[in-house]
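Novice: Sequence plus predicted model, see below.
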Amino acid sequence: MPAEPGAVSVLTLVRGRADRLRHLMRGLARQTAPPRELVIAWMQPEAEPDLPDPGCPVRHLHVPGEPMPLAAARNRAAEAACGDLLVFLDVDCIPSRGLVAAYAAAAAPADGLFLGEVLYLPPGGLPAASAAPDDATLDRLGRVHPARPPVPAAGIRPEPDSGQLWGLSFALPARAWHAVGGMDETYAGYGGEETDLAARLSLNGLPTFWVGGARAYHQHHPVHVPPLQHFAPILANAARFRARHGRWCMTYWLGQFRDAGLIAWDEAAESIRLLRPPTESEIAAASRPDALFS
């Protein structure tokens, strides 16, 4: 589909979590600058019923696959989008009122990979209401991720490390996405595909920026520390990234796996040596229902 100059397409992926999607859509409905459209890639057989009006047209796609086809779903959504600026927003995220406007303003003078701030909401911190909570309430409840750098209050700031891209909230021109072929669908399951995309965009000359005012709020869900439930795909995708780029990604998690006695690995290694997979009890013990960050 030809890109529509000046238009913003918001894209999200969904499997379950219909309540989260509804909060995202209500957040879009109160944007100071509404997007041209919302594209929903459903990684499940049917779309959820009784969705709220996000204040813009909605395009629905179905992308089947196991494990969750995260890269493929983002690619299909980008292929279907009409806007010349693609804003990827995780289904767990509620956009602040100025998110679309801030991304659009950042992208107006120059191309870039644009990263927005995400605040993490605590367990039970979001009322199950029919209207999206106001930004002041969400700002009060939300917490900054301790591993993320500070974001400018307004405007943009260059980020030398494109690997700062996390899939919760980011934007880029549609032409930049298509120039590198979108996400690599050989990354199966959890981990690595976003960092690989960022690396290829950087190699293609696209700079990375933090964007002030493009804040989103991450709705809480239980996490595993470390993410042992994704142990096998993280190893496979880290090895795939290393083979392509000559360096490792997801090093924090790999270090946790090593410290747990599951793998032999360090950042100078050319490969990961599996010692043993985690047991079911270890996976269960890694669950942190109240933790904000993984």
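Specialist: It's in. Numbers count the residues shown, from 1 in each chain.
Novice: roughly how far is the longest helix along the chain from the heart of the chain?
Specialist: Criterion DSSP state H: the longest helix present in the chain is helix 231-245. On the basis of Cα atoms, centre = their mean, to the nearest Å, helix 231-245 sits 18 Å off its chain's mean C-alpha point.
Novice: Could you list every helix and strand in contact with it?
Specialist: Judged by 3 or more Cβ pairs under 8 Å, 6 or more residues apart in numbering; DSSP states H and E, helix 231-245 is in contact with helix 193-203, helix 251-259. All C-beta spots, glycine's among them, are computed from the backbone N, C-alpha and C.
Novice: can you map out the strands along the stretch 101-250 of the chain?
Specialist: Here the stretch 101-250 of the chain has its strands, by DSSP state E, counting those that start in this stretch, at 113-120, 143-144, 156-159, 169-173, 208-218, 223-224.
Novice: Could you say which one of those comes nearest to Ala18?
Specialist: With distances scored as Cβ to Cβ, the stretch of these nearest to Ala18 is strand 208-218 (16.9 Å).
Novice: quick one: low-confidence parts of this protein?
Specialist: Residue ranges of the chain with pLDDT under 70: 1, 125-132.
Novice: can you give me the helices for it?
Specialist: Secondary structure of the chain, counting by DSSP H: helices at 18-29, 70-80, 99-107, 135-141, 174-179, 193-203, 231-245, 251-259, 280-285.
Novice: What angle do helix 193-203 and the second one make with each other?
Specialist: In terms of direction (axes from the mean of the first three to the mean of the last three Cα atoms, to 10 degrees), helix 70-80 departs from helix 193-203 by 50 degrees.
Novice: and the angle from helix 70-80 to strand 169-173?
Specialist: If you take the same axes, to 10 degrees, helix 70-80 sits at 40 degrees to strand 169-173.
Novice: Provide the contact partners of helix 70-80 at residue level.
Specialist: By Cβ atoms under 8 Å, 6 or more residues apart in numbering, the residues outside helix 70-80 that reach it are 1, 11-13, 39-41, 43, 59, 61, 63, 65, 86, 88, 167, 174, 177-178, 182-185, 187, 190, 193.
Novice: Repeat that for the fifth one.
Specialist: Contacting residues not belonging to helix 174-179 are listed as 3, 9, 78, 81, 83-86, 111, 113, 201, 204, 206 [Cβ under 8 Å, 6+ apart].
Novice: Out of those, who's the most crowded?
Specialist: The residue in those with the most neighbours, by other Cβ atoms under 10 Å, is Leu85 (29 neighbours).
Novice: Okay, that one and Cys93: tell me how far apart.
Specialist: As judged by Cβ to Cβ, to the nearest Å, Leu85 and Cys93 stand 17 Å apart.
Novice: Pick the most buried one from the helices of the chain.
Specialist: Neighbour counts averaged per stretch over the helices of the chain are highest for helix 99-107, at a mean of 24; criterion: mean count of other Cβ atoms under 10 Å.
Novice: list the contacts for the residue nearest to Glu270 when sequence neighbours are not counted?
Specialist: Nearest non-adjacent residue to Glu270, counting by Cβ to Cβ, 6 or more residues apart in numbering: Arg242, 7.7 Å away. Contacts for Arg242 (Cβ under 8 Å, 6+ apart) come out as 248-249, 270-271.
Novice: Go through the residues you listed and say which is closest to Ala286.
Specialist: Among the contacts of Arg242, and counting by Cβ to Cβ, the member closest to Ala286 is Cys249, at 20.4 Å.
Novice: so what's the closest one up against?
Specialist: With contact taken as Cβ under 8 Å, 6+ apart, Cys249 is in contact with 163, 191-192, 195-196, 237-238, 241-242.
Novice: first vs last residue of stretch 211-226, how far apart are they?
Specialist: From its first residue to its last, stretch 211-226 covers 29 Å (Cα to Cα, to the nearest Å).
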